[in-house]
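Asks: need the 3D shape of this:
(2 chains)
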There are 2 protein chains.
Amino acid sequence: MSTTQTLAHPTDLLLDAMKRAGSPVCVGLDPVLERLPQPLQPQEESNATAAYAIAAFSCAVLHAVRGVVGAIKVQSACYERYGAEGAAALDCVFREARELGFCVIFDAKRADIGVSTEHYAAASRALDAQFTTCSPYLGADGIEPFLAQQRGAFALVRTSNPSGDLLQSLALADGRTVAEAVADLVAQLGAKHVGQSGFSSLGAVVGATKRADAVQLRKRMPHAMFLVPGYGAQGGTADDVRACFREDGRGAIVNASRSVLYPKVAAGQSFEDAIRDAACVFRDEIAAVVRPMEQSCA
Amino acid sequence: MSTTQTLAHPTDLLLDAMKRAGSPVCVGLDPVLERLPQPLQPQEESNATAAYAIAAFSCAVLHAVRGVVGAIKVQSACYERYGAEGAAALDCVFREARELGFCVIFDAKRADIGVSTEHYAAASRALDAQFTTCSPYLGADGIEPFLAQQRGAFALVRTSNPSGDLLQSLALADGRTVAEAVADLVAQLGAKHVGQSGFSSLGAVVGATKRADAVQLRKRMPHAMFLVPGYGAQGGTADDVRACFREDGRGAIVNASRSVLYPKVAAGQSFEDAIRDAACVFRDEIAAVVRPMEQSCA
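Replies: Numbers count the residues shown, from 1 in each chain, chains lettered A, B, ... in the order given. Model (predicted):
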């Protein structure tokens, strides 16, 4: 069972999960059929066989990284592409993740007008996702419904993808960038939702590939947790990641997906053990980034 | 069967559907359990009974408005909230809509980094959606995958919701608003995808509630179809709608959801007939907006 009942504020729950793991990290479940280990590759092509295979792989990953990381980020798109069977697989993965005690972030990047965002928030609650990622383009209407009923959200602020600059880096007349204006909106909306830890249930997605921006954004959102994608496969380094944390070494959770899901498997090693080893390496790399920061502020 | 094979360009297909209907309109399927007609209200509460009810209602709407409108917009959130059963209902509704010859817009407002947007585009193709709505916040990476394999997209530019202003109305240093910068991006990305009609397969969502903005945006995106929500229930008027069309009366498709789905049902009338009547009223109102424009340019 999850500990949702005892730790009602979602960010307190997330911080607790990171503390137990000893490192502020999560593993991203972005399962892609072509990259699954040979034993799980389906023999025939259908939505059902594909969905079974990615569900089986996802659950194997959950068991492999249990005790290594405390949080999981689930990429909705990888399951949605298989229709109703994919949605059933997604539900299965969420149930298993909750059963194993993970804090789960639903990476769905949803948002709509208020009444429709309410439906998306209901979908997240039905999955029992502690957090949902959401897009800021529709303003508060696309964000606030996700914060109801003790749930949290991470709003996109500065994304790790190459074309994120096209909109997010534009300069406003008041001197801010678009991403900084969104950061100010996130700080403002999140101020009403700060938990005992001092962090809000509304966090921000800030890619590990945009270090200079992360420094500025960290100052603008002192009470926001940063969800940091882009480490590893997308080119983000430990130095890039450091800028996403506050000076006390708190305030961010770093995600790795492909580098953990698809590691090199040594001869005689199971893919589960290779994934666990890759998760341990990732966990230790990020712990090494924040430890000196924590110690200098202790 | 749909006419996808003979009219390969999605916007040519959409224009053809509007022409056959005699009005540039679509009906939005945003089914909400509490508002379903009494005979369809489920006796007990579960995802399965809810999903069956909204599937039954959605298909009843499709049959009621057949021959009245040529296009349907399906709101993903209303189905997603019921999990795998909701996804099955969504698939059922898409199959019925294609069977009846509608051009279908999947209103999902998706976007992610490139590799994940590819998965979302695959989900849209699996449903055989001609168009998907998408968010511009991640730039081209969140838009272009939807344009592959003869599919189209509508990117959010100016939304109809109250808090859309928070980001979309901000002034840039170069004098544009954020929405205008997104419009320029849409015009640029869409230029590679213009069909025989002169319109691109990349269109723009421009709410009927933002008339002054629509005038500016129309100039910036001469080859973009506008998908226009907000008419009726959200307060948009016929005058607001007019600004979304080019001077020749082309270039937009106006959506109505709640005003068509939940009309007043007269004594002795079936809800299907009331929906059909409401769709006819809506179709005729919008036809009356564009007819004088078409005639003055003929």
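
Asks: when you work out contacts or count neighbours from here on, use the C-alpha atoms and nothing else.
Replies: Fine.

Asks: which residue is the nearest non-sequential neighbour of A:Cys297?
Replies: Computed as Cα to Cα, 6 or more residues apart in numbering or on different chains, the closest residue to A:Cys297 that is not its neighbour in sequence is A:Asp248, at 5.4 Å.

Asks: distance of the one you found from chain B?
Replies: Relative to chain B, A:Asp248 is positioned 30 Å away (Cα to the nearest Cα, to the nearest Å).

Asks: burial measure for that residue, as a count.
Replies: 15 (other Cα atoms under 10 Å in any protein chain shown).

Asks: one more: the one 5 residues further on?
Replies: For A:Ile253, the tally of surrounding residues (other Cα under 10 Å) stands at 23.

Asks: confirm that it sits in a strand.
Replies: Yes. A:Ile253 sits within a strand when classified using DSSP: H, G, I helix; E, B strand; the rest coil.

Asks: could you check how far it is from A:Cys103?
Replies: Remark: distance between A:Ile253 and A:Cys103 (Cα to Cα, to the nearest Å) = 12 Å.

Asks: please apply the same query to A:Ser23.
Replies: 14 Å.

Asks: more crowded one of the two?
Replies: Under the neighbour definition other Cα under 10 Å, A:Ser23 and A:Cys103 were set side by side, and A:Cys103 has more, 29 against 25.

Asks: and the more buried one, its phi and psi?
Replies: Dihedral pair for A:Cys103: phi -90, psi 130, per degrees, to the nearest 10.

Asks: tell me what the closest residue to it other than its chain neighbours is bridged to.
Replies: Once flanking residues are discounted, A:Cys103 sits nearest to A:Ala71: 4.6 Å by Cα to Cα, 6+ apart. With DSSP bridges as the criterion, A:Ala71 is bridged to A:Cys26, A:Cys103.

Asks: if I pick the residue lying closest to A:Thr177 once chain neighbours are set aside, what's in contact with it?
Replies: Nearest residue to A:Thr177, sequence neighbours excluded (Cα to Cα, 6+ apart): A:Ala171, at 4.5 Å. Counting by Cα atoms under 8 Å, 6 or more residues apart in numbering or on different chains, A:Ala171 touches A:Thr177, A:Val178, B:Leu172, B:Ala173.

Asks: out of those residues, who's nearest B:Asp112?
Replies: Distances from B:Asp112 to the contacts of A:Ala171, taken as Cα to Cα, are shortest for A:Val178 (17.7 Å).

Asks: who's in contact with the closest one?
Replies: So A:Val178 contacts A:Leu167, A:Gln168, A:Ser169, A:Leu170, A:Ala171, A:Leu172 (Cα under 8 Å, 6+ apart).

Asks: number of residues surrounding the fourth one?
Replies: Put plainly, it is A:Leu170. A:Leu170: 19 neighbours (other Cα under 10 Å).

Asks: so it touches A:Thr177, yeah?
Replies: Yes. If you go by Cα atoms under 8 Å, A:Leu170 and A:Thr177 touch, sitting 5.4 Å apart.

Asks: wait, doesn't A:Ser259 sit right on A:Ala278?
Replies: Yes. If you go by Cα under 8 Å, A:Ser259 and A:Ala278 touch, sitting 7.3 Å apart.

Asks: just to be sure, A:Gly249 is in a strand?
Replies: No. The assignment for A:Gly249, made by three-state DSSP, is coil rather than a strand.

Asks: A:Ser259 and A:Ala278: which is more packed in?
Replies: Using other Cα under 10 Å as the criterion, A:Ser259 and A:Ala278 rank with A:Ala278 on top: 21 against 18.

Asks: how much space is there between the more buried one and chain B?
Replies: For A:Ala278 relative to chain B (Cα to the nearest Cα), the value is 22 Å.

Asks: quickly find the element holding that residue.
Replies: helix A:271-297 (DSSP states H and E).

Asks: ok, now A:Ala212?
Replies: helix A:211-220.

Asks: what lines up beside the following helix or strand past that helix in the sheet?
Replies: On the C-terminal side of helix A:211-220, the closest following helix or strand by DSSP H and E is strand A:226-228. If you go by DSSP bridges, strand A:226-228 pairs up with strand A:202-206 (parallel), strand A:252-256 (parallel).
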